[in-house]
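Undergrad: from the sequence below, what's the structure:
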Amino acid sequence: MTLLTDIKDKQLTARKAKDEVASSLLTTLYSEAAMVGKNAVPPHDSTDAEVIATIKKFLKNTIEFLNVAGDRREGDVVDNLWEERTLLEEFLPKQLSDAELSNIM
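TA: Numbers count the residues shown, from 1 in each chain. Below is the predicted model of the structure:
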């Protein structure tokens, strides 16, 4: 299963659960990520690396919005942004902790 397929599956689950924040975010994310491959020359299905780059772009924007909204203390907006951040981070590869990294070396 590709990462793009995983996003689509979670988007459908969110729509069925009537989770508006997750559904909206995942719909937009899926469309953006799919367009990367479609707009390439020659057109192709988006690779996992291209999808990860799109997720990182979304995550960066979400974190920037969190910094701005957090300063204004807008509760609902901040809650939605934290939910989006958590959701986006689920799709990224797990980062190694310092202990795990030193065990490898």
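Undergrad: okay, now the unreliable bits of the chain?
TA: 70-74 (pLDDT under 70).
Undergrad: for residue 93, give me its contacts.
TA: Shown in contact with residue 93 (CB atoms under 8 Å, 6 or more residues apart in numbering): residue 52. For every residue, glycine as well, the C-beta is placed using N, CA and C.
Undergrad: relative to residue 4, how far out is residue 35?
TA: From residue 35 across to residue 4, the span is 11 Å (CB to CB, to the nearest Å).
Undergrad: any shared contact partners between these two?
TA: residue 46.
Undergrad: so for those two, which sits in the more crowded spot?
TA: Taking other CB atoms under 10 Å, residue 35 and residue 4 do not tie; residue 4 has more neighbours (21 against 13).
Undergrad: quick one, phi psi at the more buried one?
TA: phi -60, psi -40 (degrees, to the nearest 10).
Undergrad: is it true that it touches residue 32?
TA: No - when contacts are counted by CB atoms under 8 Å, residue 4 is not listed as touching residue 32 (10.6 Å).
Undergrad: would you mind writing the CA trace of the helix or strand where residue 90 lies as CSV?
TA: In this assignment (DSSP states H and E), residue 90 forms part of helix 75-91. C-alpha atoms of helix 75-91 as CSV (Å, rounded to 0.1, in the frame of the first residue of the first chain):
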residue,chain,number,x,y,z
GLY,A,75,-9.0,28.2,21.5
ASP,A,76,-10.9,26.4,18.7
VAL,A,77,-8.4,27.4,16.1
VAL,A,78,-5.5,26.2,18.2
ASP,A,79,-7.3,22.9,19.0
ASN,A,80,-7.9,22.2,15.3
LEU,A,81,-4.3,23.1,14.4
TRP,A,82,-3.0,20.7,17.0
GLU,A,83,-5.3,18.0,15.7
GLU,A,84,-4.0,18.6,12.1
ARG,A,85,-0.4,18.5,13.3
THR,A,86,-0.9,15.2,15.1
LEU,A,87,-2.7,13.8,12.0
LEU,A,88,0.1,14.9,9.6
GLU,A,89,2.9,13.5,11.9
GLU,A,90,1.2,10.1,11.7
PHE,A,91,2.1,9.8,8.1
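Undergrad: helices or strands next to the longest helix anywhere in the chain in the packing?
TA: As assigned by DSSP state H, the longest helix anywhere in the chain is helix 48-72. The helices and strands touching helix 48-72, judged by 3 or more CB pairs under 8 Å, 6 or more residues apart in numbering; DSSP states H and E, are helix 3-16, helix 20-38, helix 75-91.
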